[in-house]
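Novice: Here you go, sequence then predicted model.
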Amino acid sequence: MTNDDLLKPAKLYTRTEVLAKPTAAPAAAGVYGWYFDTPPGATPFEEAYAWQGWRLLYVGIAPKRPTPGKPPSTRTLSHRLREHYNLNAEGSTLRLTLGCLLGLELRRVASQKHPGTAKRRTFGPGGEQRLNEWMATHARVVWHECSEPWALEHEILKRLPLPLNLEANSHSSFHADLTALRAAAKARARSLTPLIV
């Protein structure tokens, strides 16, 4: 399996470039790969694929694989990458994973208008900002446009160690540890008083 866009990219894109208007990320379907220059927490960094001093730790797709009987998603690479770089742990499984690994406190949050509905889980305004800053320094992203990204994602997950992926990646040496870490963070969030934001 080779894909130079993902494994030998000419450029790794920064948070600034993805969040710029216009964004560097295309409004198209595809697979994306996240590279890091330092391990988040206890991530087994040395076993991951290396490219020019960076390690590939996570891959994802936009849109998701279509569900039979439902209209196909219109989500694109630009939508998804902007969410990963700038949304919160509720809307990005990558951000949830990174925040847990970096020791940020996951909390249930509710809005001032609806304080009784604290279903969302984020790292709170301060924690999400710290995560933004960490990703701006240590995370870069690349992508490959394709019409059926789930097929390529499946192939990459079979061939490469990707310690931050959980779905379809139970063979990873880090899967059990990461699953337990995220579960513990969610359980603690349930036990704490919700934040009103």
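Specialist: Sure, I can see it. Predicted, not measured: the structure shown is a model, and the values here were computed from it.

Novice: Show me what residue 34 bridges to in the sheet.
Specialist: Counting by DSSP bridges, residue 34 forms beta bridges with residue 58, residue 141.

Novice: who's in contact with it?
Specialist: Residues near residue 34 by CB atoms under 8 Å, 6 or more residues apart in numbering: 56-60, 84, 94, 139-141, 164. C-beta: built from backbone N, CA, C; applies to glycine.

Novice: pLDDT value on the spatially most central residue of the chain, please?
Specialist: When the chain is reduced to its mean C-alpha position, the closest residue under CA atoms, centre = their mean turns out to be residue 94, at 2.3 Å. Per-residue confidence (pLDDT) for residue 94: 98.

Novice: Repeat that for residue 136.
Specialist: Here, the pLDDT recorded for residue 136 equals 98.

Novice: just the one 3 residues further on next, same as before
Specialist: Here the pLDDT value assigned to residue 139 is 98.

Novice: thinking it is in contact with residue 38, fair?
Specialist: No - the pair residue 139 / residue 38 is not scored as a contact, 9.6 Å apart, by CB atoms under 8 Å.

Novice: I figured the residue nearest to the centre of the chain was touching residue 58, is that so?
Specialist: Yes - Residue 94 lies in contact with residue 58 (CB under 8 Å); the separation is 5.8 Å.

Novice: which residues of this structure fall in strands?
Specialist: Taking DSSP state E to define them, one finds strands in the chain at 30-36, 49-51, 54-62, 107-110, 120-122, 139-145, 195-196.

Novice: I'd like those strands written out as JSON lines, with distance to residue 171 added.
Specialist: Below are those laid out as JSON lines (distance: least, CB to CB, whole Å):
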{"stretch": "strand 30-36", "distance to residue 171": "18"}
{"stretch": "strand 49-51", "distance to residue 171": "16"}
{"stretch": "strand 54-62", "distance to residue 171": "15"}
{"stretch": "strand 107-110", "distance to residue 171": "32"}
{"stretch": "strand 120-122", "distance to residue 171": "27"}
{"stretch": "strand 139-145", "distance to residue 171": "23"}
{"stretch": "strand 195-196", "distance to residue 171": "37"}
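
Novice: thinking again about what came up before, compare residue 139 and residue 38 (neighbour count), which wins?
Specialist: Neighbour count, other CB atoms under 10 Å: between residue 139 and residue 38, residue 139 has more, with 25 against 12.
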